[in-house]
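A.B. asks: Quick one: sequence and predicted model below, then my questions.
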Amino acid sequence: MRITDLLDRKSVDLTAKPQDKKQAMDMAVELMAKGGRLKDKEAYRKLVYAREEESTTGVGGGIAIPHGKGDCVAKAGLAAMVIKEGVDYEALDDEPVDLLFLIAAPDTKDNVHLDVLSKLSMMLMDEEFKEKLMNAGSVDDFLKIIDEADEEKKSVDDSLADTALTGDGIKIVAVTSCPTGIAHTYMAAEGLEKAAKKAGVQIKIETRGSSGAKNQLTAEDIKAADAVIVTADAKVPMERFNGKPVIQRKVADGINKADELIDLAVNGKAPIFTAESSSESSASSSASEGKGGAHKVYTQLMSGVSHMLPFVIGGGLLKAIAFLIDTLAGYGETGGSNFGSMTPSSALLMYIGGLVMDLMIPVLAGYIAYAIADRPGLVVGFAGGLLAAHGNAVLAAYTQFADKDNIITKFAFTGEGVNTVSGFLGGILAGFLAGYIVLFLMKIFAHLPQALDGIKPTLIYPLLGVFIIGILMCFIFNPLIGVVNDALSSGLSKLADADMLWLLGLILGGMMAIDMGGPINKAAYATGVGLLATANGLAASDPKAQACYIAMAAIMVGGMVPPVGIALACWFFPKKFTKAERGSAVSNVVMGASFITEGAIPFAAADPLHVIPCTLAGSAVAGLLSAIFECTLMAPHGGVFVFATVGKPFLYILAWLIGSAVTCVMLGLLKKDAMEV
């Protein structure tokens with residue numbers, strides 16, 4: 001079978017002009033359908049989209065190879081698009097895609113077509129071949145160019161056989177694999193082969209694609225090798241490499257960073273691999289081991305953030321719906337501090353949403369620890385996250401400690417009015433502490449008798465780990481937050497007393513965006529609620545009451561900026577955010593409009609050094625403008641749902657939009673491009 005046997009003339013478009021990635025994929029699916037290769041076009045479209053969700057098929061160098069395999073495909077086929085103006089395809093190298101091949105593969109035992117498709121993938125690594133396709137004058141020319149290259153290019157099996165190890169010199173063995181095993185597997189093999197040839201070293205490459213493992217490495221190959229390179233996003237048998245220098249990366253690195261990988265192998269910079277007890281381990285799960293420590297920390301942090309995100313969105317949107325229900329019921333101006341729970345249905349949603357959002361910090365900490373120490377780290381991370389989220393105030397409820405001079409009341413800061421909640425920043429710290437505490441315990445108890453192995457993860461690690469993280473959070477990190485919180489509250493009260501409203505608005509607005517629901521945010525919010533309580537005893541027109549309302553307005557607008565500013569940045573600067581982050585942009589707008597600042601937490605947790613200064617600046621500007629405009633607010637919560645109580649609402653909206661724009665632009669300028677993990 002030849003490549004052109006899979007490519008119908010009706011499935012080739014040399015003048016495609018899609019506006020975005022989605023349109024490019026949809027146009028390619030339509031081309032595939034025109035070639036008569038599909039049983040169910042919509043089912044196939046879903047397969048193509050599902051594959052794209054796993055990782056982008058924009059492999060770099062202007063090439064994209066989306067694909068779908070399933071029963072909805074009648075027979076194997078290709079569709080091709082030349083996109084001369086390029087399209088943003090979220091490719092691995094962030095460059096526009098100008099040549100797209102869509103693959104349709106039936107879910108059958110006959111895999112002849114897979115060899116053909118794999119060969120095309122390897123051919124596309126040739127820049128001269130790609131350039132000829134781009135400049136084809138007609139569909140017939142396009143097909144002829146492919147046919148001629150197909151004739152010259154060896155089969156996948158023959159090409160791989162040429163990578164056998166012989167004679168002297170530096171020898172490298174490699175394995176490439178991807179989840180579907182149609183394209184990326186063989187492109188990575190081609191990339192490594194070219195890089196090895198350029199470096200003057202020998203390489204033998206095992207590919208693990210849809211048609212099984214090919215050119216398998218023997219024990220003699222591995223023994224003779226000076227280094228091993230594994231570029232894989234799927235499971236690879238790794239135990240055979242025990243004791244060898246092994247570089248483990250994503251399959252995309254074999255395509256785009258082959259020279260770098262060969263250089264690491266040649267220069268002896270590969271770490272020694274120690275096999276796990278299992279006969280098979282996932283290369284992709286430990287692919288970051290070959291990278292720097294910063295990427296490892298980032299991956300661990302993102303483990304927590306990705307698991308936390310659904311809790312923030314699910315809980316936050318339920319609370320937003322509760323505010324909407326109360327507004328429709330007529331409580332927008334009269335609900336006060338109970339706004340959002342004035343009706344049975346809104347109270348139920350507020351209760352459920354609140355409980356779900358209460359889980360976000362424990363989940364964040366738990367899965368950071370899980371990424372570091374695997375399952376034994378989970379319970380210790382959850383415990384640290386719970387303590388960060390709830391603080392030490394509960395200790396004051398134990399009457400035996402009341403009014404007694406003891407270590408608990410003295411050093412855990414459990415006194416009345418002291419806030420020891422360390423919030424999401426404390427949750428991040430707790431997650432990393434928990435992970436490394438468990439690793440430390442694993443090392444200490446590594447030499448216990450084998451008969452006790454079963455009680456380590458179920459008794460020893462949880463008991464000692466939870467105790468240690470509990471002591472650290474209760475007696476060191478949570479109390480430190482209490483000291484900071486007291487100082488902030490005192491300073492804010494002095495500013496309010498001095499009628500420095502513009503400065504108070506600037507500071508209060510900025511504080512709302514530092515830890516998004518944490519102690520600094522809560523200190524600002526508590527100040528506003530306290531000022532509202534003071535204003536209740538005054539006439540609404542009293543200058544002192546007006547000052548209280550101005551402060552509350554600055555607080556709420558400051559809290560509404562971070563989620564909206566981040567959502568805008570997701571749309572205007574998509575390369576700065578991961579696919580999951582971009583997917584939550586709409587929900588962040590809803591949460592921001594509802595004064596649920598926590599919608600920004602996953603973004604701040606993933607990249608605090610860049611995100612927090614941007615949200616801080618935007619919220620501070622919004623708070624400052626709100627105070628300068630003398631906007632007032634008589635309700636302590638609710639976002640757009642209580643705008644009926646806002647004085648000078650149009651100027652208030654202007655302050656909100658300007659602050660959000662500041663955050664958006666700063667993120668575009670300061671934030672680094674996202675790393676998909």
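C.D. replies: Received it, and whenever you're ready, just let me know what you need.
A.B. asks: for this protein, what's the longest helix?
C.D. replies: Longest among the helix segments of the chain by residue count, using DSSP state H, is helix 293-328.
A.B. asks: can you pull the buried residues of that helix?
C.D. replies: Using 16 or more other C-beta atoms under 10 Å as the burial criterion, the residues of helix 293-328 that qualify are 296, 298-309, 311-327. C-beta coordinates here come from the backbone N, C-alpha and C atoms, glycine included.
A.B. asks: tally of neighbours for Ala371?
C.D. replies: Residues lying near Ala371 (other C-beta atoms under 10 Å) number 26.
A.B. asks: Can you tell me the element it falls in?
C.D. replies: Per DSSP states H and E: Ala371 is located in helix 360-373.
A.B. asks: That helix vs helix 293-328, what angle?
C.D. replies: 160 degrees (axes from the mean of the first three to the mean of the last three C-alpha atoms, to 10 degrees).
A.B. asks: Could you list every helix and strand in contact with helix 360-373?
C.D. replies: Secondary structure elements in contact with helix 360-373, counted by 3 or more C-beta pairs under 8 Å, 6 or more residues apart in numbering; DSSP states H and E, are helix 293-328, helix 376-390, helix 423-444.
A.B. asks: I'd like those as TSV, with distance to Pro18 appended.
C.D. replies: What follows is the helices and strands packed on helix 360-373, written out as TSV (distance: least, C-beta to C-beta, whole Å):
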stretch	distance to Pro18
helix 293-328	29
helix 376-390	43
helix 423-444	39
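A.B. asks: from memory Phe311 sits against Leu355, does it?
C.D. replies: No - counting by C-beta atoms under 8 Å, no contact exists between Phe311 and Leu355, whose distance comes to 10.0 Å.
A.B. asks: any shared contact partners between those two?
C.D. replies: Counting by C-beta atoms under 8 Å, 6 or more residues apart in numbering, Phe311 and Leu355 have no common neighbour.
A.B. asks: now what about stretch 89-96, what contacts it?
C.D. replies: For stretch 89-96, the external contacting residues (C-beta under 8 Å, 6+ apart) are 21, 24, 56, 58-62, 64, 83, 86-88, 97, 100, 252, 255-256, 574-575, 579, 673.
A.B. asks: Report the secondary structure state of the nearest residue to Leu531 once chain neighbours are set aside.
C.D. replies: Counting by C-beta to C-beta, 6 or more residues apart in numbering, Leu531 lies nearest to Cys548, which is 3.8 Å off, once chain neighbours are set aside. Following DSSP: H, G, I helix; E, B strand; the rest coil, we place Cys548 in the helix state.
A.B. asks: quick check, Thr207 in a strand?
C.D. replies: Yes - using three-state DSSP, the assignment for Thr207 is a strand.
A.B. asks: And it, how far from Ile229?
C.D. replies: To Ile229, Thr207 is 13 Å away according to C-beta to C-beta, to the nearest Å.
A.B. asks: neighbour count winner among these two?
C.D. replies: For Thr207 against Ile229, the residue with the higher neighbour count under other C-beta under 10 Å is Ile229, and the figures read 30 against 26.
A.B. asks: Are we agreed that Ala79 is in a strand?
C.D. replies: Yes - with three-state DSSP as the criterion, Ala79 is located in a strand.
A.B. asks: Starting from Gly385, give me the distance back to it.
C.D. replies: The separation that Ala79 has from Gly385, given C-beta to C-beta, amounts to 48 Å.
A.B. asks: So between the two, which is more surrounded?
C.D. replies: In this comparison of Ala79 against Gly385, neighbours counted by other C-beta under 10 Å, the higher total goes to Gly385 at 34 against 27.
A.B. asks: Return the set of buried residues in stretch 571-586.
C.D. replies: For stretch 571-586, the buried set under the neighbour-count rule, 16+ other C-beta under 10 Å, comprises Phe573, Pro574, Lys576, Phe577, Thr578, Ala580, Glu581, Arg582, Ser584, Ala585.
A.B. asks: contact partners of that stretch?
C.D. replies: By C-beta under 8 Å, 6+ apart, the list of residues contacting stretch 571-586 from outside reads 53, 88, 90, 94, 302, 306, 309, 313, 566-567, 569-570, 599, 602-603, 606, 664, 667-668, 671-677.
A.B. asks: Pull it out as CSV, backbone CA atoms only.
C.D. replies: Extracted C-alpha coordinates of stretch 571-586, given in CSV (Å, rounded to 0.1, in the frame of the first residue of the first chain):
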residue,chain,number,x,y,z
TRP,A,571,-8.3,35.4,25.7
PHE,A,572,-5.8,38.0,24.6
PHE,A,573,-2.6,36.1,25.6
PRO,A,574,-3.5,32.4,25.2
LYS,A,575,0.1,31.2,25.0
LYS,A,576,0.6,32.3,28.6
PHE,A,577,-1.8,29.7,29.9
THR,A,578,-2.4,26.0,29.7
LYS,A,579,-5.4,24.5,27.9
ALA,A,580,-7.1,23.8,31.2
GLU,A,581,-6.6,27.4,32.4
ARG,A,582,-7.9,28.8,29.2
GLY,A,583,-11.0,26.6,29.5
SER,A,584,-11.9,28.1,32.8
ALA,A,585,-11.9,31.7,31.5
VAL,A,586,-15.7,32.0,31.2
